[in-house]
Structure formats: C-alpha cells, structure tokens
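Novice: Model the structure of this input:
(chains A and B)
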2 protein chains.
Amino acid sequence: MFKKWHLFTPGPVPVPSRVLLAGAKPTPHHRLPEFSSVLSEIRQDLQYLFQTKRPVFFFASSGTGAMEAAVANLFSPGEKVLVVRGGKFGERWGEIAETYGLVPVFLDVSWGKAVRPEEVEDRLAADPEIRGVLVQAHETSTGVKHPVRELAEIVRKRDVLLVVDAISALGVYPLPMDEWGIDVMVAGSQKSLALPPGLSFLALSERAWSQVERASLPRYYFDLRREWQAYQKETTAYTPAVSLLLSLREALQMIKEIGLERLFAHYALISEACREGVKALGLELLAEAPCEALTVIKLPQGIEGGKLTKLLRERYGVILAGGQGKLKGRVVRITHMGHQSPLEVVLALSALEVGLSELGYPVKMGTGVSRALEVIREKGKEVYA
Amino acid sequence: MFKKWHLFTPGPVPVPSRVLLAGAKPTPHHRLPEFSSVLSEIRQDLQYLFQTKRPVFFFASSGTGAMEAAVANLFSPGEKVLVVRGGKFGERWGEIAETYGLVPVFLDVSWGKAVRPEEVEDRLAADPEIRGVLVQAHETSTGVKHPVRELAEIVRKRDVLLVVDAISALGVYPLPMDEWGIDVMVAGSQKSLALPPGLSFLALSERAWSQVERASLPRYYFDLRREWQAYQKETTAYTPAVSLLLSLREALQMIKEIGLERLFAHYALISEACREGVKALGLELLAEAPCEALTVIKLPQGIEGGKLTKLLRERYGVILAGGQGKLKGRVVRITHMGHQSPLEVVLALSALEVGLSELGYPVKMGTGVSRALEVIREKGKEVYA
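Specialist: Numbers count the residues shown, from 1 in each chain, chains lettered A, B, ... in the order given. Below is the predicted model of the structure:
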C-alpha cells in the first residue's frame, strides 16, 4: 500500500484526476459540431494562458514539435538566427536550425548563467543579417531564467523575431506575450498545464505571422497556414489528439478558476521555499537567476546523482530528476510544476535530506525542511488565502 | 493546480489508482461463473489478510453493519455481554447490544487508556452469565490499542466469545486470528485495505460458529447461515457490491505482493515517526498504548481543533481528523492507513506545525518533522529495502 510515486520531474508532472477523467471519456469525433465548440473554448482559454489576443495553435506532438514548427514557419534556407546556448534546450534550438539549413549563430552562455541582454544587443548590432533570436524562457537543464522581457525590448527595435521556448515556463511565471512583445511563444502539455505529454502549443505575434507566408522552409504537418485555415473553420488541419484536448479543456478551466496571478504566486512561493531549504542544507543552486518551475541543485562532492535518484525512487517513491548532458550525475532537479499542493515541496526536500544522508553527506535531519516551512508559514497565508 | 487533497483521516483513506481503476471496469453479473472465480480468489486472499483458515464473510455495508452482524449471529435475547467502553466505538458496541435486547455489562475505561486484562478476567469470574466480550482492537476515537492477545487467552478458558472490532486495525498490525484464538474479527474496506467505503468483513472461529445456529436474535440481510450456504456454492446470498469487490481483489493482490510482515513494519515505522515528531513539538499523545493506525494528539490549551483542521484543509489541502464525542475540539488525529508512501507522514506533520503556529502555539518550524525524519532515516532502509 505504500508504493506510491511522487513525481518531481520537469515533465511529466502530477496530473489532477479531474483532468485525467476528462480525457477518459468516450472519444468524440473531431469533425462534428460538438467538438468545434470544445475547440473554440480551448482556443479562447489558451489565449488567456498565453496572455495574448493572437490565435494559439496546438499540435499532437511533444514540445520539440512546436519548436520545429516555429523555425519551419518563420525562416528561409540560409537565414541567420542567433541561438542562446546555455544548456540542453539551447542546443536543441541550434540542432533544429541546422537541420533546416539555417545558419545558427551561437551565443554561448555558461551552463548555470543567464544570457546578458547587452550581449544579444551587441550581436544583433554586429550582424544585421540575423533574423531571429531563439531562446528559452528558462533552461530546464540548468534552472536558469533568461531575461525575456529585456530581449523582447531589444528585438523590437529591429527586424528580428524573438522566439521563446516557454515549454516549461508558460503558466509558471509571467510571460505576457502581447504586453512584452514576444514574437513566438512555444509551450507543452506535460508542464504547468498538468496534462500528460502529447500536446504542444505556439502563438505568433502579428509581426511573426507576417513572416509565415514569406518563409520558404518546408513544412507539412506543422504548416501554420493550413492550421490557420482550419482554425477559422473551427476545426484542425489534421486529426487532433482528442482525449488530450478534453483533458486540456479541463486543465484550462482549473487554471481560470485559480487565476494566473494566484498560480504565479503559488509557484513563486514553493520555489522560494525549496531554494531556501536547499541553501539551508549548505547546498548550492546551479542557476544564478533561478526560475520558479524547478530548482536545480549542485550535488556535493562524492554524491553521484544517479545513485541518489535511484535510492529515493526505489525506497521512498520520490522521483527527482537528474542532470542532463554535461550536468549528468552532478545535479539533482526538483520540479514544482503540475498538480502539487503547497506542502508537497516538503516531501521532495525530506527525500533529498534522507537520501544525501544515506549517501554520506552530513545532514542534520530537517534542516532544509525547517527553512522551507518557515517560508511557507510566513507567506502561505497570503498566497492561499 | 495546487488544489489537491491529502487525506489523513481514519477512513476514507487514499485509494491507489490501481484499485480505483479495477472498480471502474464494466460491472460483471454476479451470478455468472466468471464472477464465482473472482469471489473465490477474494475469499482466499481475505483468509491471508485475516490470518485464518476459517471462511471470511463480506457485506455491502459500513463496518458498523458487520459489528451488528456479529452480535445478531452470536447471541440470544437477554444474554449478557461485557462491553469494553473507552471511546466512541466501545459505546457503539453497547448501543448495538442494547438495540438487540442483550444485557451489556459495561467495563468503562478512561478515554485514552487501554483496558487491563485482569479487569476483564475479574469481571468474567464475577459474572459467569457473560457470554461474550465486545472490544476494539484499538479505539479509533482515542488511538488506544487494547490487549487483544491477552483477552483472547482469558476468554479461551471460559465459555465466552471474544468479539473484536478490528475495522481500522486489520492489516495495520498483527492480529493473527487463528493463532491468538480471536473468536470474531470485524473489518471494513475504507481503512488499511485502502478501498472506498462500502464493504465490511467478518470471520468467526469454530467456537463462535457453533453459536450461530443456537443464537435466536433476528437477522435477515446479515444472516451468516444464508451467507455460508451461498459461500459453499461460490456465490453470495444477496447482490454483492460488485465494483467494490473488483477493487477489493486488486487491493488484496497489492497486499499479497507487499506481504503482511512488510506492511506491518511500514505502519510501525510511520506511526513511530509521527509520534516522535509530535512529542518533539512538545505535544502529548492521547493514548497511553498507541496503535499504529493513527496518532491522536492532544491539542495545547487555547487551540480549537475545528479551527485547526479547517485552516489546514482550506489552505493546504491537508485533511486531518478532529476529535469525536467528548474529545471534539480537543484532539487532532493523523491517520497512517491506506495508500501513503513513507514520507507522506511528513506532510501531515508539516501541516500540523504550520497550523499550530498560525493559531498561536509557539513552534520552531521543522521541529516535529526533523525528529520524524530521523526515525525514517534510521529505520527506512530496512523497512523499505
């Protein structure tokens, strides 16, 4: 009876049963009028989530699919894009750009650091051929938040598009697309939306949309022109992931009930509690500018990440994420996204304490948890009032 | 997304999705051969859980139904039964006995104390007309464990039956029915079986069974003679709660996979962690002999139980139980039963700390949790190896 999983991974995340059950209903046919009304409700609520008046498109794909859709719909072969590369997902932007015959110009950032807006400005000034900046709202591999608002201000002065991978950021902290002037924002279902994986999302500013007709890169499934035609007829170009969309409708409903402001406040609080707890344990955060979606913790010398995550998973059912790429084995990541109640972060920290102690790192039990509880005690009464 | 319930109540308890999904299957017909094989599997596994070779009966009813069934099937009007009354459920035995025209002899025990076996022995010696002893394995209203093994030894020397309400005890700690010589053991579904409410169980020793024909109290739905006839034909007397039985089959399967020994060790560990955490907070346990199913905590002067449970439920989604009867408002109860992973007890303690502090009781955040984690750190590696 005690074998129960607690997911603290940056996707998948815990899914509310209300959302799961919505997707467990008998599959309606996607070309019938009843489903059109589902689509139009979803599309409206996605605009609320994206904080945009622009249409939001979705695909049956992982988040990577929508990253590819962004590139394929905006650019033409041989065009230059500036790629902010400070982790695994920055690398992915570069790989997609190269795959499509673009010329990526890499702005390398140490893993754990945020890009400095001045550097982007300098690069754009130095090379007027650059047509787009590809960046993450935060790097999920390092937990670093990039300065999206400042980047949007910089590109706005030029004929350059800002393409933001907000796959694990949308709905976690403010990224008001229209207000900040983000040109393209990409999201995924298995993050703050607290859905199972399988859906991706993207929205384009007017400025970005004007590039879609001009762009000559090949695209078929991800062709936004076709999707826009279908959108106007209250349908989709190809068969959509119907059951996931029924779940999505429910998840969006939940988010509206809570409200974006409160949701952001929740994530701000539990991520702060986690960071404070981690620091109280004498551990360091990897990110100099940490995001609210997850906390990336540098492991002490001698503690191997794989061993730690395995022990916690097998013995206590607590699933933390390890490091990716060059951080493999060296960090552990606690995610705050999805269906998590305010005190569940304490579960993750408790597991971390017990696990580190078992592996030989000296921990006075409760040190991190106590600090996290102080933060929640202090601020919880406002956030969850 | 943060609105999520954490049930720490003594029934209902968290139910594993595997168990819920088993009950969500299309309802089979209960008179077809396929269902007979379900029944025979369940009956066999219930014997494992009850640690008996005797048949185990079930009813679609709450646990109270099976308490009533025990009384109605064993006794005749005007017969005397000794009722151990040290809490709300001891009172219930008395009410049932009175309702059926038995003569209850009350052995009153202060709420929070266990009955002393010598007292039972003295009462039985003093009054040879007493035909049965009605007792709880533990009093769920106080958290007190009664000395069932010792009571079984006492009644065994006499023509007296030991009837044990193990509704929230079975599967939590050892109560080997045959080995100890317990005459009747009653259980319910929404406790350690981690099922939704709706099923009750009971098993009778040979000695108890020999009274069933003799007993002249009226019973129809709860008539064990009819159930035994149906049992032998691999069916049930009346329509059973089919979907709950499908869930039960799954729950029993899970219990067998874990094994009773490990399950008992799990409950022993998390209840110890909870008690130690509570004591570290400077709080007192109500029970002098605490059971492993739940921890009943005396609230400090000035803290009203209803306010505390409301605050924790509304703000943090953590549902603790308040006091019952004369303990209303004066205690709070943290339950360990059901689908709870080892570290979830920390959630309950965290909530308790935050809540008490909000209501004015001085708590250095993390004091209780730290102590609980020490216990888990020390013993978890063996229990969950």
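
Novice: In three-state terms, label the residue nearest the centre of chain A for me.
Specialist: Centroid-nearest residue in chain A, with Cα atoms, centre = their mean: residue A:168, separated by 0.9 Å. Secondary structure, DSSP: H, G, I helix; E, B strand; the rest coil: residue A:168 is coil.

Novice: Over to residue A:334?
Specialist: Put simply, residue A:334 is strand when judged by three-state DSSP.

Novice: Check the gap between it and residue A:321 for me.
Specialist: Distance of residue A:334 to residue A:321, given as Cβ to Cβ, to the nearest Å: 8 Å. Yep, even glycine has a C-beta here, placed from its N, CA and C like the rest.

Novice: coming back round to it: contacts only, for the residue nearest to the centre of chain A.
Specialist: Residue A:168 makes contact with A:10-11, A:63, A:138, A:140, A:188, A:191-192, A:293-294, A:337, according to Cβ atoms under 8 Å, 6 or more residues apart in numbering or on different chains.

Novice: Among those residues, which lie within helices?
Specialist: Cross-referencing those against helices under DSSP state H gives residue A:63.

Novice: now the contacts of residue A:168 as a markdown table including neighbour count, pLDDT and distance to residue B:365?
Specialist: Output for those, formatted as a markdown table (neighbours: other Cβ atoms under 10 Å in any protein chain shown; pLDDT from 0 to 100; distance: Cβ to Cβ, whole Å):
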| residue | neighbour count | pLDDT | distance to residue B:365 |
| --- | --- | --- | --- |
| A:10 | 24 | 96 | 28 |
| A:11 | 25 | 93 | 31 |
| A:63 | 27 | 97 | 37 |
| A:138 | 31 | 98 | 29 |
| A:140 | 27 | 97 | 30 |
| A:188 | 27 | 96 | 35 |
| A:191 | 27 | 95 | 30 |
| A:192 | 30 | 93 | 28 |
| A:293 | 30 | 98 | 25 |
| A:294 | 30 | 98 | 23 |
| A:337 | 29 | 97 | 25 |
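
Novice: how about the contacts of residue A:168, which pair is most distant?
Specialist: A:63 and A:294 (14.8 Å; Cβ to Cβ).

Novice: Give me the nearest residue to the residue in the stretch 101-250 of chain A positioned nearest to chain B, chain neighbours excluded.
Specialist: Relative to chain B, the nearest point of the stretch 101-250 of chain A is residue A:194 (5.2 Å; Cβ to the nearest Cβ). Counting by Cβ to Cβ, 6 or more residues apart in numbering or on different chains, residue A:338 is the residue found nearest to residue A:194 once chain neighbours are left out, at 4.2 Å.

Novice: residue contacts, that neighbour?
Specialist: Counting by Cβ under 8 Å, 6+ apart, residue A:338 touches A:7, A:12-15, A:191-192, A:194, B:1.

Novice: closest to residue B:234 among those?
Specialist: residue A:15 (39.6 Å).

Novice: Who's the closest spatial neighbour of that closest one, skipping the chain neighbours?
Specialist: Nearest non-adjacent residue to residue A:15, counting by Cβ to Cβ, 6+ apart: residue A:194, 5.4 Å away.

Novice: Return the per-residue confidence for that neighbour.
Specialist: Looking at residue A:194, its pLDDT reads 96.

Novice: quick one: contacts for residue A:229?
Specialist: Taking Cβ under 8 Å, 6+ apart as the test, what residue A:229 contacts is residue A:237.

Novice: I would like the residues contacting stretch A:327-336, please.
Specialist: By Cβ under 8 Å, 6+ apart, stretch A:327-336 touches A:7-11, A:13, A:111, A:141-143, A:172, A:267, A:270-271, A:274, A:286, A:292-299, A:304-306, A:308-309, A:320-323, A:345, A:348-349, A:352.

Novice: Need the mean per-residue confidence for it.
Specialist: 98.

Novice: same question, stretch A:171-180
Specialist: When pLDDT is averaged over stretch A:171-180, the result is 98.

Novice: Outline the domain layout of chain A.
Specialist: Structurally, chain A divides into domains by automatic domain parsing as follows: A:17-258, A:259-383.

Novice: most tightly surrounded among those domains?
Specialist: domain A:259-383 (a mean of 21; mean count of other Cβ atoms under 10 Å in any protein chain shown).

Novice: For stretch A:252-271, which outside residues touch it?
Specialist: A:16, A:18-19, A:42, A:45-46, A:48-49, A:51, A:171-174, A:192-194, A:290-295, A:336-337, A:340, A:342, A:344-345, A:375-376, A:379-380, A:382-384, B:1-3.

Novice: chain center to it: distance?
Specialist: 15 Å (Cα atoms, centre = their mean, to the nearest Å).

Novice: And it, end to end?
Specialist: In stretch A:252-271, first residue to last residue: 22 Å (Cα to Cα, to the nearest Å).

Novice: Show me what from the stretch 101-250 of chain A comes close to chain B.
Specialist: Proximity of the stretch 101-250 of chain A to chain B, by Cβ under 8 Å from any Cβ of the partner chain, involves residues A:192, A:194.

Novice: ok, which stretches of the stretch 101-250 of chain A are strands?
Specialist: Along the stretch 101-250 of chain A, counting by DSSP state E, counting those that start in this stretch, strands occupy A:103-108, A:130-136, A:138-139, A:144-145, A:161-165, A:184-188, A:199-204.

Novice: Compare those strands and report which one is nearest to residue A:35.
Specialist: strand A:199-204 (15.4 Å).

Novice: centre of the chain versus the closest one, how much separation?
Specialist: Worked out by Cα atoms, centre = their mean, strand A:199-204 lies 12 Å from the chain centre.

Novice: Only the C-alpha atoms, please, for that strand, written as PDB.
Specialist: Only the C-alpha atoms of strand A:199-204 are listed here, as PDB (Å, rounded to 0.1, in the frame of the first residue of the first chain):
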ATOM      1  CA  LEU A 199       0.300  18.300 -27.000                       C
ATOM      2  CA  SER A 200       2.400  21.300 -27.900                       C
ATOM      3  CA  PHE A 201       1.300  24.900 -28.400                       C
ATOM      4  CA  LEU A 202       2.500  28.000 -30.100                       C
ATOM      5  CA  ALA A 203       1.400  31.500 -30.800                       C
ATOM      6  CA  LEU A 204       2.800  34.200 -33.100                       C
END
